[in-house]
Each structure stands twice: as structure tokens, then as C-alpha cells.
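Novice: No sequence on hand, only this structure:
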């Protein structure tokens with residue numbers, strides 16, 4: 001892998017995930033205050049993204065594997081998602097939000113699993129640290145945007161003369177998050193076209209090869225584990241800004257918490273190869289779920305915002321474990337020619353289906369039992385799942401292109 005390729009793949013991750021730094025932390029707050037949606041409506045809007053992803057992720061994965069044009073597919077997904085973010089910024093009613101998220105979800109959920117598959121192909125000969133050192137730039141991009149967004153919003157409010165009014169949103173002009181996310185995503189899409197398009201990136205799967213995944217026990221088990229993990233952890237994460245507001249925090253509080261979350265995530269993701277060598281993908285998965293469970297239990301049963309802020313540093317452990325360990329486990333147990341389809345199915349069942357149910361449950365718990373209940377339920381459930389990791393998951397053994 002050349003230096004140019006290393007820089008390009010890092011920049012793709014930087015801008016692709018960077019845009020999410022303005023979208024993911026603040027979107028639920030925007031829906032609640034600026035969009036004036038109820039808790040259940042927020043849950044349904046957030047759940048729609050992974051719902052459509054159930055179909056879009058394997059669909060794009062199959063196109064990438066069958067065509068071998070993985071970098072072009074990644075670019076197409078980025079352009080489509082960029083347009084989706086811009087369109088979502090025009091939504092005013094609950095129906096508008098559903099329509100906007102539905103369009104966005106045809107492209108956005110497939111971006112990260114496709115980026116993972118492309119990166120794994122590009123860095124396949126770069127040693128155990130190759131993937132982590134590329135993926136970490138996504139975390140850096142997220143960090144840069146989540147830190148700078150409140151300042152950008154303050155400047156925008158001053159420029160437009162926007163001030164909070166009684167009965168109105170605490171952050172008028174928060175729709176600024178949509179063009180920022182769209183622009184960053186579009187830059188990532190353009191850079192994807194500069195990535196290598198031959199070699200391992202261009203491996204093609206024959207028609208019907210995806211059926212091999214149905215007989216791969218290790219793959220099916222890690223999909224199940226991820227589904228349950230995201231079921232307990234994803235909804236509370238999506239509702240986090242609402243939770244912080246309920247505990248007396250502000251948009252600045254949310255931003256500061258994200259800074260702390262990412263402080264540990266950067267070195268953990270960069271050093272992913274060390275974790276893979278010492279405890280393997282299964283150990284990473286168990287560690288990630290355990291960290292997420294502890295974080296949500298402490299948050300759900302504590303009314304101390306300082307303690308909630310401090311424990312949020314475990315977010316980096318959860319990401320390096322569950323979010324990163326899962327794809328690395330999949331990469332070891334499936335044939336290379338099916339890496340896009342496998343990563344897409346993993347994301348579809350784990351992140352999407354698990355996320356659908358998690359967002360719906362979190363929204364319902366929020367509305368009926370208060371802001372703390374999604375964190376109590378999610379944290380306890382994650383700790384139970386962690387205790388069963390050796391029962392559910394076999395040791396990951398690397399497969400070859402023709403297995």
C-alpha cells in the first residue's frame with residue numbers, strides 16, 4: 001500500500017465519519033425541540049433509518065461484491081446520503097421527517113460497512129495495525145466536527161440574529177447540522193474515487209455465493225451477538241442528547257461529553273491491532289459490550305451529571321470492542337469475495353434490526369417511564385449478554401478467498 005493510498009483512505013474515513021459529528025449527537029435534540037416531536041415519534045424516526053437499512057445494506061453489498069466496483073459503490077452511497085441530509089433539513093412535520101429519513105436510509109446505512117470492506121481490502125497486506133490506523137481517522141474527523149459544531153452554531157446564530165425564545169427551541173438554527181453533514185459526506189464520496197479499484201478491492205462473487213453465509217455457523221452467531229448487543233446499547237446512544245437535557249445539561253454539555261468519549265476512542269481504534277493480537281475479535285466484542293453495559297447502568301441510576309460525564313469515557317471502549325470487533329470477527333470467518341455482502345448483512349441484522357427495536361423501545365421507555373429507564377434496561381441487558389459471550393461465539397479462524 002502506497003503512502004498516497006494510506007492518506008486517501010484516511011481522508012475518506014475523516015470526512016465520511018466527520019459529518020456524523022454534527023448529525024448523530026444532536027439529531028434527536030433537533031427532533032425534540034426544533035421539530036417538536038414526541039418521544040414515540042422520535043423513536044419511530046430514528047428507527048426508520050435502520051429499518052430501510054435492512055434492505056439497503058445487503059442490496060448495496062451484493063452490488064459491490066458482484067460487480068467488484070467497491071470504490072464506485074462507496075462514492076455513490078456518499079453522494080446519495082449527502083442529498084438525503086440536505087433534504088432532511090427541509091422537513092417540518094412528522095411525515096416530512098419520515099419521508100426524509102426514508103430517502104437518506106437508502107444510502108447512509110450502507111456507507112460504513114462498505115467503507116469497512118473497502119479498507120480491509122486495501123490494507124490486507126499492511127499487517128494487523130493497517131485497518132485501525134486507517135479507521136482511526138474517522139474518529140478524528142468525528143472529534144473535529146463535534147468539537148467545532150457548537151462554535152459554528154453560535155456564529156450562525158449571531159449572524160442570523162437568532163435567540164432562544166420562551167416556549168421555543170433552546171438552540172434556534174440547529175438545522176445547520178444538515179448542510180455541514182452533507183458537505184463532509186460529499187467530500188468523502190469524491191475522495192473514494194481516488195482509492196485503488198483493482199486487486200483485492202475488485203474480487204467478484206459469483207451468482208448465489210451469498211448462500212455460503214447461511215451455512216457459516218461462526219458468522220451467524222456473531223450476527224446474533226451483535227443484534228442483541230445493539231438492541232441494548234444503540235437506542236440509549238441515539239437518545240443521549242435528550243437524556244443529557246433531561247439531566248439539566250445543554251448542547252455544550254453534549255459536545256463536551258462527546259469530546260471525552262472520543263479521547264479514549266482515538267488511541268483504542270489506532271491500536272486495534274494490539275487488541276486483535278492479544279484477545280482476538282471475540283475478546284474485543286466482549287469488552288465492548290461490557291463497557292457499554294457499565295456506562296449505561298451508571299448513567300441510568302445516577303442523577304449526577306458530572307458522574308455521567310466521567311463514565312462516558314467508556315464509549316471509546318464500546319466502539320473499539322463492539323463496533324470494530326464485530327467487523328473484524330466477520331472478516332476472519334467469511335471468504336474475501338463475500339466481504340461486502342457479509343459486512344452488509346452483519347450491519348443489517350446487528351446495527352439495523354437491533355437498532356430498530358432499540359430505538360423504538362428507548363423512545364417508548366422515555367415517554368412512559370422517564371429519561372433514565374432506557375439506560376437502566378440497556379445497561380443491565382448488555383451485562384447479561386457479556387456474561388454469555390463464550391457460549392455464543394466460537395473462536396474466529398481466518399478464512400481464505402476460496403473457502
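Specialist: Arrived safely, thanks for sending. Since we're looking at a predicted model, the values are computed, not measured. Residues are numbered from 1 along each chain as shown.

Novice: Low-confidence ranges, the stretch 201-350 of the chain, go.
Specialist: Along the stretch 201-350 of the chain, the parts satisfying pLDDT under 70 run over 202-203, 205-206, 209.

Novice: do that again at 90, thanks
Specialist: In the predicted model of the stretch 201-350 of the chain, residues 201-216, 234-235, 237-281, 302-313, 315-317, 319-328, 331-350 satisfy pLDDT under 90.

Novice: and residue 103, how many neighbours?
Specialist: With neighbours defined by other CB atoms under 10 Å, the count for residue 103 comes to 17. The C-beta positions use only the backbone N, C-alpha and C, and glycine is treated the same way.

Novice: Distance-wise, check the closest residue in space to it that isn't next to it in sequence relative to residue 178.
Specialist: The shortest distance from residue 103 to any residue other than its chain neighbours is 5.0 Å, reached at residue 84 (CB to CB, 6 or more residues apart in numbering). Between residue 84 and residue 178 the computed distance is 10 Å (CB to CB, to the nearest Å).

Novice: re the thing from before, with residue 123 as the reference, measure out to the residue nearest to residue 103.
Specialist: The value you get for residue 84 to residue 123, if CB to CB is used, is 29 Å.

Novice: what's the distance between the residue nearest to residue 103 and residue 109?
Specialist: Residue 84 sits 11 Å away from residue 109, going by CB to CB.

Novice: which of those two has more neighbours?
Specialist: Neighbours were tallied for residue 84 and for residue 109 using other CB under 10 Å; the higher tally belongs to residue 109 (28 against 24).

Novice: what pLDDT does the more buried one get?
Specialist: If you check residue 109, the pLDDT there is 88.

Novice: Quick check: it touching residue 56?
Specialist: Yes. Counting by CB atoms under 8 Å, residue 109 touches residue 56, with 5.8 Å between them.

Novice: longest helix in this protein, by residue count?
Specialist: Longest helix of the chain, by residue count under DSSP state H: helix 130-160.

Novice: quick check: angle from the helix or strand following that one to helix 130-160?
Specialist: Downstream of helix 130-160, the next assigned helix or strand under DSSP states H and E is helix 177-192. Angle, helix 177-192 to helix 130-160, by axes from the mean of the first three to the mean of the last three CA atoms, to 10 degrees: 140 degrees.

Novice: Return the set of buried residues in the helix or strand that helix 177-192 is followed by.
Specialist: Heading C-terminal from helix 177-192, the first helix or strand you meet, by DSSP H and E, is helix 217-238. By 16 or more other CB atoms under 10 Å, the buried positions in helix 217-238 come out as 218-219, 221-223, 225-238.

Novice: now do stretch 323-331
Specialist: In terms of neighbour count (16+ other CB under 10 Å), stretch 323-331 has its buried residues at 323, 324, 325, 326, 327, 328, 329, 330, 331.

Novice: Can you give me every residue that contacts the first one?
Specialist: When the contact criterion is CB atoms under 8 Å, 6 or more residues apart in numbering, the partners of residue 323 are residue 288.

Novice: from the chain's centre, how far out does the helix or strand containing residue 50 sit?
Specialist: For residue 50, the element it lies in under DSSP H and E is helix 39-67. Averaging C-alpha coordinates over helix 39-67 and over its chain gives two centres that are 12 Å apart (CA atoms, centre = their mean, to the nearest Å).

Novice: again, but for stretch 65-77
Specialist: With CA atoms, centre = their mean as the basis, the mean position of stretch 65-77 lies at 20 Å from the chain mean.

Novice: Next: stretch 284-300.
Specialist: In terms of CA atoms, centre = their mean, the centre of stretch 284-300 is found 16 Å from the chain centre.

Novice: okay, residue 91: pLDDT?
Specialist: Reading off the confidence values, residue 91 has pLDDT 93.

Novice: That one - how many residues pack around it?
Specialist: 20.

Novice: now swap in the one 4 residues further on and tell me
Specialist: Using other CB under 10 Å as the criterion, residue 95 is surrounded by 9 other residues.

Novice: for residue 267, same thing?
Specialist: Residue 267 is flanked by 13 other residues according to other CB under 10 Å.
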